[in-house]
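> for reference, the sequence and a predicted model appear below.
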Amino acid sequence: MFIIPGILISIATFPGVIVHEAAHMLACKLCKVAVLDVCFFRAENPAGYVIHEGANSFGKAFLISMGPFALNSLLCVLICFPAYLPIQVFHLTHPVSYFLMWLGVSIGMHAFPSNQDAKILLEYAKQGAKRYHPLAILSLPLVILIYAANLLSVIWFDLLYGIGLGVWLPSLLFKLA
């Protein structure tokens, strides 16, 4: 297995870190949760962060924790899909298409919430599940999946996710069309 330090991966995929943190910040703004400090990118661990006040409901905590998953995944597809067409369908090897594929996959790679986000979501989900909140109950296994995805990142699961959304999904859609 080939191991590259996380800092180097973060530097190579910095747009994904920036979008991930921007998604957290956007979710905070939408939920009217005060942002106390934000760092969109740095060459340290963690590569970025958003410090905010606590959410006052499960729904807000869910949106803040899962916002990057939704936004990064969506942007990965939206950026890679039009870049895939010239490369794979028309066999045009234009540098802009490859740049967009790198950009989209790097954003997709950083879709998963961090373990810290999972921990916060778990606390709110446990409280919500006690009140039989349906989304809170469904979130409990989701937290396990987040922890698993972060654990599997040591074997490049995050890269596979980005490639899956940015390359394999458009490939599948073009084959079906």
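Ah, there it is. None of these values were measured; they are calculated from a predicted model.
> shaky segments in this protein?
Confidence mapping of the chain against pLDDT under 70 gives the ranges 1-4, 177.
> mind listing the strands for this structure?
According to DSSP state E, the chain carries its strands in the segments 35-39, 49-52.
> roughly how far apart are the nearest residue to A136 once chain neighbours are set aside and T13?
Among residues not flanking A136 along the chain, G128 sits closest, at 2.7 Å (C-beta to C-beta, 6 or more residues apart in numbering). No exception for glycine: its C-beta is placed from N, CA and C like everyone else's. According to C-beta to C-beta, to the nearest Å, G128 and T13 sit 33 Å apart.
> do the same with Y147
Counting by C-beta to C-beta - Y147 and T13 are separated by 21 Å.
> tell me which of these two has more neighbours.
It is T13, of Y147 and T13, that has more neighbours when counted by other C-beta atoms under 10 Å, with 22 against 16.
> at the geometric centre of this structure, which residue do we find?
By C-alpha atoms, centre = their mean, the chain has its centre lying nearest to A111, at 1.0 Å.
> go ahead and confirm L26 touches G67.
Yes: with contact defined as C-beta atoms under 8 Å, L26 and G67 form a contacting pair (6.5 Å).
> ok, the two, which is more surrounded?
A count of neighbours by other C-beta under 10 Å puts G67 above the other of L26 and G67, at 23 against 18.
> who are the contact partners of the more buried one?
G67 makes contacts with A23, H24, L26, A27, as judged by C-beta atoms under 8 Å, 6 or more residues apart in numbering.
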